[in-house]
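A.B. asks: coordinates for the following, if possible.
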Amino acid sequence: MEQRHILSPGAPGRPRLTRERIRARLADGFNPAGRGDAMLECRLDGDDAPGRAALMAGPPRPAPRPAAVLVPLVEHPEGMTVLLTQRTAHLAHHPGQISFPGGRLEDADQGDFVIAALRETEEEIGLPPDRVTILGRLDDYITGTGFIITPVVGVIVPPVETIADPFEVAEVFEVPLNFLLDPQNHKLHRRVVEGRHRPFWAMTWEERMIWGATAGILVNLSEVLGSSS
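C.D. replies: Numbering: from 1, shown residues only. Modelled structure (predicted):
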């Protein structure tokens, strides 16, 4: 299917997503039950999926570690984009993958996910916290690698000048929000993990494949905001 590459302000007759509209939709669409890799598998395959019973009967896994990411919406006149990063190939967690800026909570964050997301964003791509206006949050996302991620949505007025940390970030780039919100661009894939064919969301923008937790969070954003930007 052909990708929609344009930065579109939205279809005729469809209300444009303003900051106020996004803030209201985030507040109305928040689900405290969260979502995640295992939840997607259960929803699609049920509790009887091959290998799942053995997993549930095994030793208990440690509680997921708290983390936060910023979902940065860049407010261009011709339409919003989402700022994303590509992680460097040598990192211990999710090497080479496309992700939002963010990371695990530290003691200095005092349990505040907004502080953590903004701190990590400044550390990874050099974007100061005062350049970001926070609009709300999405559902927590529990990853198969043992993290519970709180996605914090913020808006940025261009120009956006970033300085990537070369240890963590290989590239910083933007993708049109309309493309990411369009359900036609959300594809389900499967991979074998611990003997199970586990499902995951993916979106292909130009030569880049956005998948895993990042794509799952973008699907959440699409469900909350709809397909207009």
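A.B. asks: mind listing what residue 33 touches?
C.D. replies: residue 139 (C-beta atoms under 8 Å, 6 or more residues apart in numbering). Yep, even glycine has a C-beta here, placed from its N, CA and C like the rest.
A.B. asks: mind checking the SS state of residue 214?
C.D. replies: helix (DSSP: H, G, I helix; E, B strand; the rest coil).
A.B. asks: quick one, grab the pLDDT at the residue lying closest to it once chain neighbours are set aside.
C.D. replies: Counting by C-beta to C-beta, 6 or more residues apart in numbering, residue 214 lies nearest to residue 99, which is 5.1 Å off, once chain neighbours are set aside. As predicted, residue 99 sits at a pLDDT of 95.
A.B. asks: host element of residue 200?
C.D. replies: For residue 200, the host element (DSSP states H and E) is strand 196-205.
A.B. asks: the residue nearest to residue 214 reaches residue 71, doesn't it?
C.D. replies: No: checked against C-beta atoms under 8 Å, the pair residue 99 and residue 71 is beyond contact range at 10.8 Å.
A.B. asks: where in the protein is pLDDT low?
C.D. replies: For the chain, residues meeting the criterion pLDDT under 70 lie at 1-15, 45-60, 91-95, 192-197, 227-229.
A.B. asks: at 80 what do you get?
C.D. replies: Within the chain, the segments meeting pLDDT under 80 span 1-16, 38-39, 41-61, 89-96, 191-198, 227-229.
A.B. asks: all helices of it, in order?
C.D. replies: Secondary structure of the chain (DSSP state H): helices located at 19-29, 37-45, 52-57, 113-125, 177-181, 212-225.
A.B. asks: what helices and strands are in contact with the fifth one?
C.D. replies: Meaning helix 177-181. Helices and strands touching helix 177-181, by 3 or more C-beta pairs under 8 Å, 6 or more residues apart in numbering; DSSP states H and E, are strand 79-87, strand 196-205, helix 212-225.
A.B. asks: closest one to residue 20 among the ones you listed?
C.D. replies: Set against residue 20 and scored by C-beta to C-beta, the helices and strands packed on helix 177-181 come closest in helix 212-225, at 12.8 Å.
A.B. asks: angle of the lengthiest strand in the chain against helix 113-125?
C.D. replies: The single longest strand within the chain, with elements called by DSSP state E, is strand 65-76. On the basis of axes from the mean of the first three to the mean of the last three C-alpha atoms, to 10 degrees, strand 65-76 is oriented at 70 degrees to helix 113-125.
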